[in-house]
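Participant: The following block contains a protein sequence and its predicted model.
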Amino acid sequence: MPAARFVEQLNTQIGNELAAHNQYLACAVYYDAETMPQMAAFFYGQALEERDHAMMMVQYLLDTDSPVTIPGVAAPVPSFADVSAPVELALEQEKRVTEQINGLLRTAREESDFASEQFMQWFIKEQVEEVATMSDLLTVVKRNLDDIEDIEEYVAREQGGEGADPTAPRAAGA
């Protein structure tokens with residue numbers, strides 16, 4: 001059984017991941033309304049990925065006979081000033097999630113909760129990728145604010161076809 005403090009924080013993180021899902025969904029809808037199908041598809045995919053992260057955490061708690069609490073989440077930011085604003089928000093969100101994930105790993109270590117520490121390792125790797133992806137995307141978007149087609153072309157070329165990660169934890173309901 002994981003340490004009680006870790007379980008409490010992981011339940012909170014489930015809410016953080018679901019809030020990230022909702023925020024990415026709002027970003028996707030914004031890009032869909034702007035007729036930017038590549039950016040919309042990218043953010044719809046990111047939303048599903050965040051939901052999957054939450055469900056991986058749910059599954060871990062279920063697998064360890066720990067209580068699962070699905071917390072409520074605040075409403076996402078629904079509108080944006082320009083095409084770079086959702087990506088700026090996404091980058092800040094990924095940096096915040098990285099801090100949260102690091103905090104979970106820190107708690108597992110402090111509690112000598114080795115199974116939970118091992119579980120969190122995949123999320124550490126994932127956050128490095130997420131921050132790098134959003135940082136690169138923001139650079140491209142800011143460089144091409146006057147040429148939406150170049151943004152769309154970049155996303156079509158660079159952000160597709162990753163496939164499933166065989167090292168990822170199992171998600172509840174999958």
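Facilitator: That came through, no problem.

Participant: Find me the pLDDT at the residue nearest in space to the middle of the chain, would you?
Facilitator: With distances taken as CA atoms, centre = their mean, Glu50 lies nearest the centre of the chain, 4.0 Å away. On the pLDDT scale, Glu50 is placed at 97.

Participant: Same question for Gln159.
Facilitator: Looking at Gln159, the pLDDT reads 77.

Participant: Now for the residue lying closest to it once chain neighbours are set aside, how many residues are close by?
Facilitator: Nearest non-adjacent residue to Gln159, counting by CB to CB, 6 or more residues apart in numbering: Phe42, 5.2 Å away. Using the backbone N, CA and C atoms, a C-beta is placed for each residue, glycine as well. Look at Phe42: counted by other CB atoms under 10 Å, it has 25 neighbours.

Participant: Which strand or helix spans Phe42?
Facilitator: Using DSSP states H and E, Phe42 sits within helix 37-63.

Participant: Could you do Val97 as well?
Facilitator: Taking DSSP H and E as the definition, one finds Val97 inside helix 85-110.

Participant: between that helix and helix 37-63, how many degrees?
Facilitator: For helix 85-110 against helix 37-63, the angle between stretch directions is 20 degrees (axes from the mean of the first three to the mean of the last three CA atoms, to 10 degrees).

Participant: any idea how far helix 85-110 is from the chain center?
Facilitator: The gap between the average C-alpha position of helix 85-110 and the chain average comes to 9 Å, counting by CA atoms, centre = their mean, to the nearest Å.

Participant: Which strands or helices does that helix pack on?
Facilitator: Packing partners of helix 85-110 (3 or more CB pairs under 8 Å, 6 or more residues apart in numbering; DSSP states H and E): helix 4-33, helix 37-63, helix 114-143.

Participant: Using neighbour counts, pick out the buried residues of the helix holding Phe42.
Facilitator: Residues of helix 37-63 classed as buried: 38-44, 46-47, 49-61 (neighbour count, 16 or more other CB atoms under 10 Å).

Participant: hang on, the earlier thing: enumerate every residue touching the residue nearest to Gln159.
Facilitator: Phe42 makes contact with Ala28, Tyr31, Leu137, Val155, Gln159, according to CB atoms under 8 Å, 6 or more residues apart in numbering.
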